[in-house]
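K.L.:
Please work out how this folds:
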Amino acid sequence: MIAAMVLAHLLGDYVFQTDGLARWKQRSLWGVAVHGLIVTLTLWLCSLPIDPRWWPYALALGLLHTAIDVVRARLGSISPAVDLALFLADQVAHGLTVAAALALSGWLAPRPAATPLGRWLGDDGRLWLLSGYVLLTMPAWVLTHFVARGMGASQTSLPGRPGEKYLGMIERGLIATFVLAGQLLLVPLVVAPRLVLDSRGDRVAAEPLGYLNELLISVGLAVAVGLLLRGLY
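P.N.:
You can find the predicted model right below:
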């Protein structure tokens with residue numbers, strides 16, 4: 001159930017939150033409510049194969065997630081450093097509520113899933129593998145942005161350049177796969193094409209330090225995920 005809840009958070013809070021929904025959340029609490037509903041449904045669907053009777057906890061988590069996001073939306077954007085601190089605090093708060101729900105429901109300790117599909121998903125760390133790769137998509141893109149801006153190295157605002165986030169997702173996925181396969185020497189080959197293509201771009205010329213920081217954070221996160229997944233197999 002722990003891996004299922006990690007996956008549910010990554011999907012509901014990032015992958016299923018479009019750029020339009022993120023902007024709507026900033027303008028109106030209706031956007032926050034819709035996001036909260038999406039998170040609640042994602043939590044329920046991810047918990048269903050593990051424990052079909054877990055829906056009250058999924059509902060409670062969805063309501064708490066919405067309440068936390070309402071507070072975050074009210075604070076708005078303050079400064080890059082403060083925004084990074086608030087982003088991290090927001091994630092910690094969501095994590096603590098999930099941990100509390102798992103503890104209260106007895107799912108912090110290892111237990112067999114209630115359905116054959118849940119047991120298959122839990123075998124051999126399949127859910128952790130899926131969660132690791134999902135982490136390297138939208139969540140990694142948002143995290144890289146907040147960290148780079150919070151460090152003062154980048155001034156680029158989300159959603160960034162057209163196609164930038166998708167290129168980063170592909171790069172991180174390939175890097176993690178090479179690390180998982182024990183082919184660390186192939187990692188630079190993944191980054192090299194982008195460095196060559198971007199070397200004359202406006203972003204590199206205007207913010208060389210910001211560009212480098214974002215690249216290093218992105219690559220470092222992909223390598224770390226690859227190493228963690230490799231430890232599971």
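
K.L.:
residue contacts, the residue nearest in space to the middle of the chain?
P.N.:
In the chain, the residue lying closest to the centroid (CA atoms, centre = their mean) is Pro139, at 2.5 Å. Contact analysis of Pro139 by CB atoms under 8 Å, 6 or more residues apart in numbering lists Leu10, Asp13, Tyr14, Val15. All C-beta atoms are positioned from the backbone trio N, CA, C, and that covers glycine.

K.L.:
What's the ChimeraX syntax to select whichever of these are buried?
P.N.:
Per 16 or more other CB atoms under 10 Å, the buried members of the contacts of Pro139 correspond to this ChimeraX selection:
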select :10,13,14
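
K.L.:
mind listing the helices for the chain?
P.N.:
Using DSSP state H, the helices of the chain run over 2-10, 19-27, 29-47, 55-75, 80-104, 116-122, 126-135, 138-150, 164-180, 187-198, 202-206, 208-232.

K.L.:
Of the ones you listed, which shows the lowest average pLDDT?
P.N.:
Mean pLDDT values for those show the minimum at helix 202-206, a mean of 56.

K.L.:
one step back: could you export the helices of the chain to TSV, including columns for distance to Pro110?
P.N.:
Output for the helices of the chain, formatted as TSV (distance: least, CB to CB, whole Å):
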stretch	distance to Pro110
helix 2-10	9
helix 19-27	35
helix 29-47	16
helix 55-75	18
helix 80-104	12
helix 116-122	9
helix 126-135	13
helix 138-150	25
helix 164-180	23
helix 187-198	33
helix 202-206	46
helix 208-232	14
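
K.L.:
which residues touch Ala99?
P.N.:
Contacts of Ala99 by CB under 8 Å, 6+ apart are Leu108.

K.L.:
could you dump the contacts of Pro139 to CSV with distance to Leu232?
P.N.:
Output for these, formatted as CSV (distance: CB to CB, whole Å):
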residue, distance to Leu232
Leu10, 17
Asp13, 23
Tyr14, 22
Val15, 22
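
K.L.:
out of the contacts of Pro139, which one sits closest to Trp30?
P.N.:
Asp13 (17.7 Å; CB to CB).

K.L.:
Next one: the closest residue to that closest one other than its chain neighbours from Leu61, what distance?
P.N.:
If the residues on either side of it in the chain are set aside, Asp13 comes closest to Val39, at 6.2 Å by CB to CB, 6 or more residues apart in numbering. Counting by CB to CB, to the nearest Å, the gap from Val39 to Leu61 is 8 Å.
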